[in-house]
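just coords:
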């Protein structure tokens, strides 16, 4: 009787071990580095934050409008600028016939980057992918969104980042453009929301690209 019980226990243990092994193997296959075929087109939202950057805002917006990938929109936030930033941005959007995809926001008083991002991302759809961008910086080429859409085909990618190049020194930096699902940001408590903490919340479901996807303007 004892021998039979031991054999049954051993068989159950082996079966449990096999199931656990399969789960671990499956998890090891699903990684954020894996490339997936293009099955759908993700929607991206550029959150362009501006404060007294009338000299650069046209270049920033132009780099967005030149994207070969069409599934995106722009929220432009002028955070209480005292120069011509809002006027320059408004005119440039109109001149390029982009009123249909750009929302222009003008704060009478400066609220700060963090508050502006919080308020804006809370209004996005959960499945939209937010891309914060300062109005002094710009995308490096017209294929940036095409590349990001490829990366987010992987369901294990909740946040993606890239390398960048400084201007005017043209030094390559490992940190750069950051993009993430709006739902991920919304999960954070309001007291701890930041672009740094959203990466922690992703719990490893992140993808870093060596691709240089934007210019980090250091003249300001």
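Received, thanks. Remember, it's a predicted structure, so these values are computed and weren't measured experimentally. Numbering: from 1, shown residues only.

how much space between residue 125 and residue 44?
From residue 125 across to residue 44, the span is 12 Å (C-beta to C-beta, to the nearest Å). C-beta here means a position set from N, CA and C on the backbone, and glycine is covered the same way.

Would you enumerate the residues in contact with residue 134?
Residues counted as contacts of residue 134 (C-beta atoms under 8 Å, 6 or more residues apart in numbering) are 48, 49, 50, 53, 60, 217.

tell me the pLDDT at the residue nearest to the spatial centre of the chain?
Nearest residue to the geometric centre of the chain (C-alpha atoms, centre = their mean): residue 179, 0.7 Å. Here the pLDDT value assigned to residue 179 is 96.

The host helix or strand of it: partners in the sheet, and parallel or antiparallel?
Residue 179 is part of strand 178-181, with elements assigned from DSSP states H and E. Based on DSSP bridges, the pairing partners of strand 178-181 within the sheet are strand 129-134 (antiparallel), strand 159-167 (antiparallel).

closest one to residue 76 among the ones you listed?
Closest to residue 76 of those is strand 129-134 (C-beta to C-beta; 9.9 Å).

packing partners for the helix or strand following the closest one?
On the C-terminal side of strand 129-134, the nearest following helix or strand under DSSP H and E is strand 138-139. Counting contacts by 3 or more C-beta pairs under 8 Å, 6 or more residues apart in numbering; DSSP states H and E, strand 138-139 packs against helix 57-65, strand 206-217.

Rebuild the ones you listed as TSV, extending it with mean neighbour count.
Listed next are those as TSV, based on neighbours: other C-beta atoms under 10 Å:
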stretch	mean neighbour count
helix 57-65	21
strand 206-217	19
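
For the ones you listed, which has the smallest mean pLDDT value?
strand 206-217 (a mean of 94).

Of all the helices and strands packed on strand 138-139, which one comes closest to residue 174?
Judged by C-beta to C-beta, the one of the helices and strands packed on strand 138-139 that comes nearest to residue 174 is strand 206-217, at 7.9 Å.

still on that earlier bit, as JSON lines, the helices and strands packed on strand 138-139 with distance to residue 155 would be great.
Compiled in JSON lines, the helices and strands packed on strand 138-139 are given as follows (distance: least, C-beta to C-beta, whole Å):
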{"stretch": "helix 57-65", "distance to residue 155": "26"}
{"stretch": "strand 206-217", "distance to residue 155": "12"}
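
Quick check: which of those is nearest to residue 82?
Minimum separation from residue 82 across these (C-beta to C-beta) falls at helix 57-65, 14.3 Å.

got the angle between the closest one and strand 206-217?
150 degrees (axes from the mean of the first three to the mean of the last three C-alpha atoms, to 10 degrees).

what sits up against helix 57-65?
Outside of helix 57-65, the residues within contact range by C-beta under 8 Å, 6+ apart are 46, 48, 50, 53, 72, 74, 76, 85, 88-89, 92-93, 96, 98, 133-140, 214.

Tell me which residues are up against the following helix or strand past it.
Using DSSP H and E, the helix or strand that follows helix 57-65 in sequence is strand 72-79. Residues lying outside strand 72-79 but in contact with it, judged by C-beta under 8 Å, 6+ apart, are 43-51, 61, 64, 85-86, 89, 93, 98, 101-107, 110-113, 116, 120, 135, 145.
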